[in-house]
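> kindly generate the corresponding structure for this input.
(chains A and B)
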Amino acid sequence: MTASKVRVRFAPSPTGPLHIGGVRTALYNYLFARKNGGEMILRIEDTDSQRFVPGAEAYIIEALEWLGIKFDEGVGYGGQYGPYRQSERKDIYRRYVDMLLDNGKAYIAFDTPAELEAKRNEMPNFQYDASTRMQMRNSLTLPPEEVKAAIEAGTQYVVRFKIEPGEDVVVNDIIRGEVVINSSILDDKVLYKSADNLPTYHLANIVDDHLMEVTHVIRGEEWLPSAPLHVLLYRAFGWEETMPQFAHLPLLLKPDGKGKLSKRDGDRLGFPVFPLEWHDPKTGEISSGYREAGYLPEAVVNFLALLGWNPGDDREILSMEELISLFDLHRCSKSGAKFDYEKGKWFNHQYIQQRSDREIAEMYLPLLREKHHDCEIERLARIVGLVKSRISFVNELWEQTAFFFEAPTEYEEKSVRKRWDEGMGARMNELIEILRSLPTMESHAAEEVVLGWITQKGYHMGNVMNAFRLAVVGYCKGPHMFDITEILGREETIQRIQKAIERLG
RNA sequence: GGCCGAUUCGUCUAUCGGUUAGGACGUAAGAUUCUCAAUCUUAAAAGAGGGGUUCGAUUCCCCUAUCGGCUACCA
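Residues are numbered from 1 along each chain as shown, chains lettered A, B, ... in the order given. Next up is the predicted model:
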């Protein structure tokens, strides 16, 4: 067998924003393609004209670009196998549908949705297949002239795949091994609808994967049950020799139990399920996104990569490059993974720590300006450096650093009661004198002098330092006190202490 | 209901028949400290149940249970 170049595709349907499970599928396709020196295609499967949502396609492209998942060809990228939007390939599908019709692998059916509905009510287990198709209104049961006349009269019809019963169909899955399903349980799937002259997923998928020379189909487990149908379709077209290899990925599950992760879960459980914020054009509803929630794309990629796959050792913090070199479909797990948002936060924390103070400061600056403060980037980077280790998200920075920009207007009551006793005002006045006499506000130098003073006077270290913090910050939390005062500067520090003395006595 | 798939700490997972069943998140305790975090150390925490196969099963097979997916003129 000549090893043909690896080609994979990510083929979302533009019926809404791409959700996080879809992102993972795209990521695995990307990792696999890169690992094997192959190509990755973006194909838009917009064959459901009813559910089409404007903006969804642009959203998908933007989201994957944000995450660093790059395509080699497809919608928005160009390429030799286009068009890559299925709605623009109608003629192609029609040609292949006719091929199936001509060689008797498919037939035309006139049963209306209402008729099928009625049939299902009458027979609870009704399935349109070899056992029932001869009782229905289709080109197998109707005289040819009647079929022809009906079509010419514009009667709506569908084309159904004629599945021969009683055959074990083997799907060879890279992740799951051999999966065998008997063709008798498959129904005569609709391949094509005259109503919009569009194929259904199954037909379009097979035709496109074949024409685009896709070698590996990596998709979610929800497709496993229809994989035998796809095998049969490849066979019906005579393409079995070049049929792609399948890999069905385990699903991402809800964190709290039942079912696969759905678009609703985000708002219900308080975390995003979409990469980017999404504004629903019809309902006006806004769904939160990872980007807007303050996630770094590399953290999302790393987190997602490890949900259903592992490198085989204990490493967890992995860059895209490392993921690519380590990726192997055989190391994908077979069972669904519950989505653990807490771990996602931890990943982001790790990546925040990896970024320089300056980079984080640049991300923070726009948020700071929203709070009506400006700051020189060098200074902001120093501030960020003090609190970076305690945040997981850039947007936590304001609550951690607000006191650098706004002097406290009130003081945390509980701490005041605990730390600001009667003589504290006097001691704070002493502290002011100490600070005035300091040759420098540099953290270590200031610390040495101030702590020396407290010890020498026999004051209570905890009380004095906390009162100091209370005066400067407003509450008893935060980074090293003398790092704070170094940045704040002598005058501001003293002013804040004076104000606290006035207010607290 | 039918078909398919899956099942190791609360969660994500390692283990390719022989291990004190390992790591990470989270949780708890301790260390550190002017505070709160962060950090470091430690701890608790798992093979769904039942049969086989085998000298030996978490690992292989079967059954049951549970979970998940599919069962559209949606993808």
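> in a helix, A:Asp46, correct?
No: judged by DSSP: H, G, I helix; E, B strand; the rest coil, A:Asp46 forms no part of a helix; its state is coil.
> grab the nearest non-local neighbour of it.
Distance criterion Cβ to Cβ, 6 or more residues apart in numbering; nearest residue to A:Asp46, sequence neighbours excluded, is A:Ser87 at 4.7 Å. Placement of C-beta: from N, CA and C, glycine included.
> so what does the one you found look like in phi/psi?
The phi/psi pair for A:Ser87 (degrees, to the nearest 10) reads phi -60, psi -20.
> that one: what's it in contact with?
Residues near A:Ser87 by Cβ atoms under 8 Å, 6 or more residues apart in numbering: A:44, A:46-47, A:49, A:198.
> filter the residues you listed down to the ones close to RNA strand B.
Near RNA strand B, judged by Cβ under 7 Å from any atom of the strand, the entries from the contacts of A:Ser87 are A:47, A:198.
> including pLDDT and neighbour count, could the contacts of A:Ser87 go into CSV?
Output for the contacts of A:Ser87, formatted as CSV (pLDDT from 0 to 100; neighbours: other Cβ atoms under 10 Å):
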residue, pLDDT, neighbour count
A:Ile44, 96, 23
A:Asp46, 93, 22
A:Thr47, 90, 25
A:Ser49, 84, 12
A:Leu198, 93, 20
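> of the contacts of A:Ser87, which is the nearest to RNA strand B?
RNA strand B has its nearest neighbour among the contacts of A:Ser87 in A:Thr47, at 3.8 Å by Cβ to the nearest atom of the strand.
> would you mind measuring from that closest one to A:Gly55?
18 Å (Cβ to Cβ, to the nearest Å).
> and for A:Tyr364?
To A:Gly55, A:Tyr364 is 29 Å away according to Cβ to Cβ.
> looking at these two, which is more packed in?
Counted by other Cβ atoms under 10 Å, A:Tyr364 and A:Gly55 do not tie: A:Tyr364 has more neighbours, with 24 against 14.
> can you pull the pLDDT of that one?
pLDDT for A:Tyr364: 96.
> so it sits against A:Val384, correct?
Yes: with contact defined as Cβ atoms under 8 Å, A:Tyr364 counts as touching A:Val384 (6.4 Å).
> hey, what's in contact with both of these two?
Listed as contacting both A:Tyr364 and A:Val384 by Cβ under 8 Å, 6+ apart are A:Leu397.
> pLDDT below threshold where in chain A?
Chain A contains residues with pLDDT under 70 at A:1-3.
> walk me through the domains of it.
Listed by automatic domain parsing, the domain ranges of chain A are A:89-211, A:357-504.
> A:Pro281: neighbour count?
11.
> can you check A:Trp223 too?
16.
> contacts only, for it.
Applying Cβ under 8 Å, 6+ apart to A:Trp223 gives the contacts A:His248.
> look up how far RNA strand B lies from it.
6 Å (Cβ to the nearest atom of the strand, to the nearest Å).
> what does A:Ser4 give?
Counting by Cβ to the nearest atom of the strand - A:Ser4 and RNA strand B are separated by 25 Å.
> wasn't that residue part of a strand?
No: under the criterion used here (three-state DSSP), A:Ser4 is coil, not part of a strand.
> does it touch A:Glu213 like I think?
Yes: if you go by Cβ under 8 Å, A:Ser4 and A:Glu213 touch, sitting 7.2 Å apart.
> more neighbours, these two?
Using other Cβ under 10 Å as the criterion, A:Ser4 and A:Glu213 rank with A:Glu213 on top: 15 against 10.
> return the residues in contact with the more buried one.
Contacts of A:Glu213 (Cβ under 8 Å, 6+ apart): A:4, A:7, A:81, A:242.
> A:Ala407 now?
Neighbours of A:Ala407 in contact, by Cβ under 8 Å, 6+ apart: A:492, A:495-496, A:499.
> for the residues you listed, pick the one with the most neighbours.
A:Arg496 (21 neighbours).
> tell me if the helix or strand harbouring that one is near RNA strand B.
Using DSSP states H and E, the element containing A:Arg496 is helix A:490-504. No: against RNA strand B, helix A:490-504 shows no contacts by Cβ under 7 Å from any atom of the strand, the least distance being 13.2 Å.
> and that helix, what does it pack against?
Packed against helix A:490-504 by the contact rule (3 or more Cβ pairs under 8 Å, 6 or more residues apart in numbering; DSSP states H and E) you find helix A:424-437, helix A:461-473.
> include distance to RNA strand B when you put those helices into a markdown table, please.
Putting these into a markdown table (distance: least, Cβ to the nearest atom of the strand, whole Å) gives the following:
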| stretch | distance to RNA strand B |
| --- | --- |
| helix A:424-437 | 13 |
| helix A:461-473 | 3 |
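> which among those is found nearest to A:Gly16?
helix A:461-473 (45.1 Å; Cβ to Cβ).
> can you check what angle separates the closest one from helix A:490-504?
Inter-element angle recorded for helix A:461-473 and helix A:490-504: 100 degrees (by axes from the mean of the first three to the mean of the last three Cα atoms, to 10 degrees).
> can you show me the helices along the stretch 101-250 of chain A?
Ranges of helices in the stretch 101-250 of chain A, per DSSP state H, counting those that start in this stretch, are A:113-122, A:144-152, A:201-211, A:227-237.
> tell me the angle of the last one relative to helix A:201-211?
Right, the one you point to is helix A:227-237. Using the same axes, to 10 degrees: helix A:227-237 against helix A:201-211 is 60 degrees.
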